[in-house]
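>>> What follows is a predicted protein model with its sequence.
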Amino acid sequence: MEDFGMRVSVLASSSTGNATYIETPKHKVLVDAGFSGKKMAALLGSIGRSLDDIDSLFITHEHSDHVAGMGVLARRYHNLNIYANEGTFAHLPSSVGKLPYDQLRIFKRGTTLTLDDLDVESFAVSHDAAEPQFYQFHHDDRAFTILTDTGYVSDRLAGTIRDSDAYIMEANHDLEMLREGPYPWSLKQRILSDYGHLSNADGAEALLDVIGPRTKRVYLGHRSAHNNTKPLAHTTVADMLMREGLGVGHDFDVLDTEREHAQPLFTV
């Protein structure tokens, strides 16, 4: 079997829905399924892939923008293994529906799962969910990290994910847009807390601590529909990185994600 490396597509990423596709020669997996089954099929179809070929679904936490399509996929695709920790499984919303027990796999935080040619490392984040965790994927000395839905990035977490070849990093909101926006104060406090979301500037600060010589791509993810814009997120992060001497556009690229459309497949 030819080893084409590890390929990735950010299928969509925003405050309203999230899904990422990853493939190696032996596995085709999803991280989160934050859309209807029909939308998930369309997103995969747009990059020439099919839900029929997916063997594993990794869930980060139980919020609806990450699990909206989880139940439908589990009941429709009987060979699909679903990975999450016990806290996440225990707190799934009722809208997910009944899940086939024999397809559920417990994946504890802070552990590594090996699936043939794919190693998946789980790590805890600080978010207002039961037991939130995100993932770093490894294949042939290449690493791809997803980190959204966290209020801050600790030194320990930064050390875990440092010098990945590619990242999805949260750039959820602009501070001024959030403060002046329509959300009630209680929700604003939640987003700004240590259990909320990274702002554009927070995401940039985290990247300053983790980007290394191997890093070639940074995707900005989980952008708020009400408290951010794509140009503002991109400019804020790119400018902060360049001010610190990082080679944006030379050593690595800062790339946007979309709310409804998949990014082209790339090889990590």
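Sure thing, it's come through.
>>> ok, which stretches of the chain are strands?
7-14, 17-23, 28-31, 56-58, 81-84, 104-106, 112-115, 118-124, 133-139, 142-147, 166-170, 217-221, 253-256, 266-267 (DSSP state E).
>>> Sheet-wise, list the partners of the shortest one with their directions.
Looking at strand 266-267 with DSSP bridges, its partner strands are strand 7-14 (antiparallel).
>>> Just give me the neighbour total for F89.
Residues near F89, counting by other CB atoms under 10 Å, number 20. (C-beta placed from N, C-alpha, C; glycine too.)
>>> How about it, nearest residue that isn't a chain neighbour?
Closest residue to F89 apart from its sequence neighbours, by CB to CB, 6 or more residues apart in numbering: L104 at 6.5 Å.
>>> just R223 next, same as before
Spatial nearest neighbour of R223, excluding adjacent residues (CB to CB, 6+ apart): S14 at 5.2 Å.
>>> And the residue nearest the centre of the chain, how far from G37?
For the chain, the residue nearest the mean C-alpha position is I146 (4.2 Å; CA atoms, centre = their mean). To G37, I146 is 22 Å away according to CB to CB, to the nearest Å.
>>> next one: H226
Counting by CB to CB, the gap from H226 to G37 is 27 Å.
>>> how many other residues sit next to E121?
Here the number of neighbours of E121 (other CB under 10 Å) works out to 18.
>>> Correction: the previous question concerned D253.
A total of 15 residues lie near D253 under the criterion other CB under 10 Å.
>>> what sits opposite the nearest residue to it once chain neighbours are set aside in the beta ladder?
The shortest distance from D253 to any non-neighbouring residue, by CB to CB, 6+ apart, is to R217 (5.6 Å). Per DSSP bridges, the residues bridged to R217 are A166, D253.
>>> quick one, what contacts R217?
Applying CB atoms under 8 Å, 6 or more residues apart in numbering to R217 gives the contacts D165, A166, Y167, F252, D253, L255, F266.
>>> Go ahead and confirm the fifth one touches V218.
So that's D253. Yes. Contact status for D253 versus V218: in contact at 7.1 Å, counting by CB atoms under 8 Å.
>>> where do the contact lists of those two overlap?
Shared contacts of D253 and V218 (CB under 8 Å, 6+ apart): none.
>>> rewinding a little: now the buried members of the contacts of R217.
D165, A166, Y167, F252, L255, F266 (16 or more other CB atoms under 10 Å).
>>> What is the nearest of those residues to D32?
Proximity of the buried ones among the contacts of R217 to D32 (CB to CB) peaks at Y167, which lies at 15.9 Å.
>>> In contact with the closest one, which residues are there?
Contacts of Y167 (CB under 8 Å, 6+ apart): F144, T145, I146, L147, I161, L207, V210, I211, T215, R217, V218, Y219.
>>> Pull the contacting residues for A238.
Listed by CB under 8 Å, 6+ apart, the contact partners of A238 are V248, V254.
>>> A166 and K38: what is the separation?
Relative to K38, A166 is positioned 28 Å away (CB to CB).
>>> In CSV, could you pull the C-alpha coordinates for the longest helix along the chain?
Determined from DSSP state H, the single longest helix within the chain is helix 230-243. Output of helix 230-243 as CSV, limited to C-alpha atoms (Å, rounded to 0.1, in the frame of the first residue of the first chain):
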residue,chain,number,x,y,z
LYS,A,230,-12.7,36.5,8.8
PRO,A,231,-10.6,39.4,7.8
LEU,A,232,-10.3,40.7,11.4
ALA,A,233,-9.3,37.3,12.7
HIS,A,234,-6.7,36.8,10.0
THR,A,235,-5.2,40.2,10.2
THR,A,236,-5.0,40.2,14.0
VAL,A,237,-3.3,36.8,14.2
ALA,A,238,-0.9,37.3,11.3
ASP,A,239,0.1,40.8,12.4
MET,A,240,0.9,39.6,15.9
LEU,A,241,3.0,36.7,14.7
MET,A,242,4.9,39.0,12.2
ARG,A,243,5.6,41.6,14.9
